[in-house]
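**Q** fold the following for me, if possible:
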Amino acid sequence: QVHLVESGGGLVQAGGSLRLSCTASGSIFSMVAMGWYRQVPGKQRELVASTNSGGGTDYADSVKGRFTISRVNNAKNSTYLQMNSLKPEDTAVYYCNARGYSDRYSVFDIWGHGTQVTVSS
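**A** Model prediction:
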């Protein structure tokens, strides 16, 4: 089994910064991609940023230029999301997602429990 542990959420004033971290552990043969999603009550979970094993990244338009996702650290199976210039509309529960192989033939696609980010105006 593979597990994700997230950390780094909290309360910050508008314009401030937070860094979220996500580490996967367990039976991991190779990591394909890791990403961060967020969700507010009554809305669908949306992609914030993702990175793949090749170093490619993808960002939601609303966070481009403000958020940066790190490349997957293959030794630690981890990634972090640096969030700068935070806005009240960034308030949400942020979830880490990881996709990969637990052996040569078995894939995993798992979610963390989420971490709350609250940006006050």
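**Q** can you pull up the most central residue in the protein?
**A** The structure's the chain has its C-alpha centroid closest to W36; by CA atoms, centre = their mean the separation is 2.5 Å.
**Q** and the gap between it and S85?
**A** 16 Å (CB to CB, to the nearest Å). Where C-beta positions appear, they are placed from N, C-alpha and C, glycine not excepted.
**Q** just to revisit the earlier point, correct me if wrong, but the residue nearest to the centre of the chain is in a strand.
**A** Yes - the assignment for W36 is a strand, going by DSSP: H, G, I helix; E, B strand; the rest coil.
**Q** that one pairs with what?
**A** A49, C96 (DSSP bridges).
**Q** look up how far E46 lies from it.
**A** Here W36 is placed at a distance of 10 Å from E46 (CB to CB).
**Q** residue contacts, G100?
**A** Going by CB atoms under 8 Å, 6 or more residues apart in numbering, G100 touches V2, A24, I28, F29, S30, M31, V32, A33, V107, F108.
**Q** who's in contact with the closest residue to the second one other than its chain neighbours?
**A** Going back to what we said before, that points to A24. Leaving aside its chain neighbours, A24 sits nearest to N77 (4.2 Å; criterion: CB to CB, 6 or more residues apart in numbering). By CB under 8 Å, 6+ apart, the contact set of N77 is T23, A24, S25, I28, M31, A98.
**Q** please pick the buried ones from those residues.
**A** Among the contacts of N77, those classed as buried by 16 or more other CB atoms under 10 Å are T23, A24, I28, M31, A98.
**Q** residues touching the last one, list them.
**A** With contact taken as CB under 8 Å, 6+ apart, A98 is in contact with V2, L4, C22, A24, M31, A33, M34, N77, F108, D109, I110.
**Q** could you look up the SS state of it?
**A** Going by three-state DSSP: A98 is strand.
**Q** how near is it to G9?
**A** Distance from A98 to G9, by CB to CB: 18 Å.
**Q** ok, now R19?
**A** As for R19, its distance to G9 is 10 Å (criterion: CB to CB).
**Q** these two: which is more packed in?
**A** G9 (18 against 14; other CB atoms under 10 Å).
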